[in-house]
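[1] after the sequence you'll find the predicted model.
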Amino acid sequence: MESIGTNTAPDGEPDLVTVPTRQGLEAVDIIRRAASQAGGVGPVLHDGSDDTLGFLVPPGTADAWDLPGSACTQTNGRGMRFGDSCSPTAGATGWLLPPEAVGPVTDPEVLRAALGEAARLIEAADNCC
C-alpha cells in the first residue's frame, strides 16, 4: 500500500474525505483522545443538508483513498472559505472545527484508523441489546 500523505502544511489545496456525520464525529473524538497522534485532527466541515462531515487532508490523498463508506475528492480550492469560523446551524454547511482552531490537515493514515475504529464502535452499539 502506498503512502497517502502526511500532516505537513500542504503544497496546494487540500483534498476532502467525506463520511457520514455519526462516524465522523466518533472519529474526531478518537483522534482528539489519542494525544500521541501527530498533528491531531485538522479542519472539519459539517454539511447538515447531506448529514456528512468532511476532513481536510493533504493534496494527493484522493489518488489512493479506498476506504469503504467514505469518499475522498480533490477540492482544487473550490468552495473553501478559510477565515470563516462560523459554526454550522441545523441544515447548514460550515466549519465544525475551523482551520484557525486546529492543525493544518488531518493525517490520512490517522484518519483511516480512526474511521475504522468509529465504524466498529457504531456497529457494536447498534447491535447491542
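    Arrived safely.
[2] tell me how far the top helix by length along the chain lies from the chain's centre.
    Using DSSP state H, we find that the single longest helix of the chain is helix 108-127. For helix 108-127, the separation from the chain centroid amounts to 13 Å (computed by CA atoms, centre = their mean, to the nearest Å).
[3] and it, which residues are buried?
    P108, E109, V110, L111, R112, A113, A114, L115, G116, E117, A118, A119 (16 or more other CB atoms under 10 Å). Heads up, the C-betas are built off the backbone N, CA and C, glycines and all.
[4] H46 versus the third one, what's the distance?
    Between V110 and H46 the computed distance is 20 Å (CB to CB, to the nearest Å).
[5] next: the second one.
    From E109 over to H46 the distance is 23 Å, taken as CB to CB.
[6] element containing the residue nearest the centre of the chain?
    In the chain, the centroid-proximal residue (CA atoms, centre = their mean) is F55; its distance is 2.2 Å. Using DSSP states H and E, F55 falls within strand 52-57.
[7] T106 contacts L56, doesn't it?
    Yes: the pair T106 / L56 is scored as a contact, 6.6 Å apart, by CB atoms under 8 Å.
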